[in-house]
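Participant: Starting from these lines, generate the structure:
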Amino acid sequence: MSALLAELKVEMKYLQRENETQAAKVSVLELQKTELDKLKQQYQAQAGELVTIEARTNLTENQVEALKREGEVKQVAFSASLLAAGSGTVGPFNVATNLVFRYIATNIGNAYNPNTGFFIAPVRGGYHFELYIGAHGHASHPSGAVLVKNGQHIFTAYAHQPSYYGSSANGATLLLEVGDVVFLHLLSNARIFDDGNHYSTFSGHLLFTM
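Facilitator: Sure thing, here's the model as predicted:
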């Protein structure tokens, strides 16, 4: 009986140590689980911050792109002379005729079309235009052109002398809406001359947006 009791005591001590070991392992596992939960919470918080940062980055990129486009729109200016090359006289014609200025010195923003002679406003704002025209003197044919906005005559440049070279100029500041068209009409029975010196020109630029 004494031997059996001693054996039971030994076994109980072993089980007690085993229980203590298991309890320690459970404690470690609980601690690890707590740490894991903390790490999980931190990860979720960081993931949320990352989404916020990405959203802010996208917003910033969109704002930069919008500002870039706005800046590009504000850069509008052109200068062109009548003939692309060589020298010659255009006109006279029996009716007013659109003038197409084909030699491009500057066309920032590409608002002027050298194939049609039309300047089309890309943005609402104040624009300034200038026209310089001339031709060799003729008893019957003056040199003259009209600045036209959407079919409405604005200002005229006109010169008439029977001999030598005559020239004239004019300009205007116009409020244009997006899509408004500005161009030059050659007056009926009038002529306009140009050569490599670019005497006859049409220019315009955006002053400010509105």
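Participant: part of a helix, is Glu54?
Facilitator: Yes: judged by DSSP: H, G, I helix; E, B strand; the rest coil, Glu54 forms part of a helix.
Participant: Show me what counts as buried in stretch 92-103.
Facilitator: Going by neighbour count (16 or more other C-beta atoms under 10 Å), the buried part of stretch 92-103 is 92, 96-97, 99-101, 103. C-beta coordinates here come from the backbone N, C-alpha and C atoms, glycine included.
Participant: Also stretch 181-195?
Facilitator: For stretch 181-195, the neighbour count (16+ other C-beta under 10 Å) marks 181-187, 190-194 as buried.
Participant: Nearest to Leu206 among those?
Facilitator: Comparing the buried residues of stretch 181-195 against Leu206 with C-beta to C-beta picks out Val182 as the nearest, at 11.8 Å.
Participant: any idea how far the closest residue in space to Val95 that isn't next to it in sequence lies from Phe118?
Facilitator: Among residues not flanking Val95 along the chain, Ser188 sits closest, at 5.2 Å (C-beta to C-beta, 6 or more residues apart in numbering). Distance, Ser188 to Phe118, using C-beta to C-beta, to the nearest Å: 20 Å.
Participant: Toward the C-terminus, what is the element adjacent to the helix or strand containing Asp37?
Facilitator: Using DSSP states H and E, the secondary-structure element containing Asp37 is helix 2-74. Beyond helix 2-74 in the direction of the C-terminus, DSSP H and E gives the next helix or strand as strand 77-81.
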